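Colleague: just to be clear, the model below is a prediction. Sequence and coordinates:
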Amino acid sequence: DSGVTQTPKHLITATGQRVTLRCSPRSGDLSVYWYQQSLDQGLQFLIQYYNGEERAKGNILERFSAQQFPDLHSELNLSSLELGDSALYFCASSVGQVLDEQYFGPGTRLTVT
Amino acid sequence: AQSVTQPDIHITVSEGASLELRCNYSYGATPYLFWYVQSPGQGLQLLLKYFSGDTLVQGIKGFEAEFKRSQSSFNLRKPSVHWSDAAEYFCVMDSNYQLIWGAGTKLIIKP
């Protein structure tokens, strides 16, 4: 158990819908990272937050957004969902910045039908 | 362009045999490099990392990796694999404080 929790574990929704994925980092970790893992794209870094502020942006679509709250939990919002958004979404946390070890949550499996 | 290449999509090794997983990177300077493992039911976990100094890095679970600047490589090795090592292994590089992930190598262990 990494100490990072993600909810929900599974999510099935229809195209065009909007969903919110939630992540609680390990106690004491200030950074949260979001990743998307799909069969055709592999593991893609989406976005990083550090202590409530956006620090780095990867291959995140404009339909996707995230935020980190004062209690350091984070939410990833996915809107206007398309079939291609079906993937495993991981959250990771670290004490500080990207060079610190990242601890990964179990992931949320999103299926868009 | 900065990139990480893992040339082998799958590797099959007999239990007890040695293992080497290949990783090549493209970067203008000395990169920060990592190996992560994704085990079924256990999520992603850091095996080891290289920042500077000794080019042979020891990690958890008996793994080691060697940084070779001349070959732009950071290969992962283990002298004797166990069935529990069956997993997907990712070579990762830091590029301007963003991690670039290789496509992964799936390790299959033959009994």
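Modeller: Noted; the coordinates are in hand.

Colleague: could you use CA atoms for every contact and neighbour count after this?
Modeller: Noted.

Colleague: identify the residues contacting residue 111.
Modeller: Reading this off chain A. For residue A:111, the contacting residues are A:10-13, A:83, A:85-87, by C-alpha atoms under 8 Å, 6 or more residues apart in numbering or on different chains.

Colleague: hmm, I had chain B in mind actually
Modeller: B:14-15, B:83.

Colleague: and the contacts of residue A:111, which is closest to residue A:61?
Modeller: Closest approach between those and residue A:61, by C-alpha to C-alpha: residue A:85, at 10.1 Å.

Colleague: what's the nearest residue to that closest one if we skip its chain neighbours?
Modeller: Among residues not flanking residue A:85 along the chain, residue A:112 sits closest, at 6.8 Å (C-alpha to C-alpha, 6 or more residues apart in numbering or on different chains).

Colleague: and the gap between the one you found and chain B?
Modeller: According to C-alpha to the nearest C-alpha, to the nearest Å, residue A:112 stands 22 Å off from chain B.

Colleague: of the contacts of residue A:111, buried ones?
Modeller: Neighbour-count burial within these applies to A:13, A:85-87; the criterion is 16 or more other C-alpha atoms under 10 Å in any protein chain shown.

Colleague: mind putting those into JSON lines with secondary structure and pLDDT?
Modeller: Formatted as JSON lines, the buried ones among the contacts of residue A:111 follow (DSSP: H, G, I helix; E, B strand; the rest coil; pLDDT from 0 to 100):
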{"residue": "A:13", "secondary structure": "strand", "pLDDT": "97"}
{"residue": "A:85", "secondary structure": "helix", "pLDDT": "96"}
{"residue": "A:86", "secondary structure": "coil", "pLDDT": "96"}
{"residue": "A:87", "secondary structure": "strand", "pLDDT": "96"}
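
Colleague: and the most centrally placed residue in chain A, what does it touch?
Modeller: By C-alpha atoms, centre = their mean, the mean C-alpha position of chain A lies nearest to residue A:34, the distance being 3.2 Å. Shown in contact with residue A:34 (C-alpha under 8 Å, 6+ apart): A:45-48, A:76, A:89-92.

Colleague: switch the cut-off to 10 Å
Modeller: Counting by C-alpha atoms under 10 Å, 6 or more residues apart in numbering or on different chains, residue A:34 touches A:23, A:44-49, A:57-58, A:60, A:66, A:74-76, A:89-93, A:104, A:107.

Colleague: in the sheet, who's paired with residue A:43?
Modeller: residue A:37 (DSSP bridges).

Colleague: wouldn't it be in contact with residue B:89 here?
Modeller: No. With contact defined as C-alpha atoms under 10 Å, residue A:43 does not count as touching residue B:89 (11.5 Å).

Colleague: comparing these two, which residue is more hemmed in?
Modeller: Applying other C-alpha atoms under 10 Å in any protein chain shown to residue A:43 and residue B:89 shows that residue B:89 carries more neighbours, namely 26 against 21.

Colleague: between the buried ones among the contacts of residue A:111, which is nearest chain B?
Modeller: Of all those, chain B sits closest to residue A:87, with 14.8 Å by C-alpha to the nearest C-alpha.
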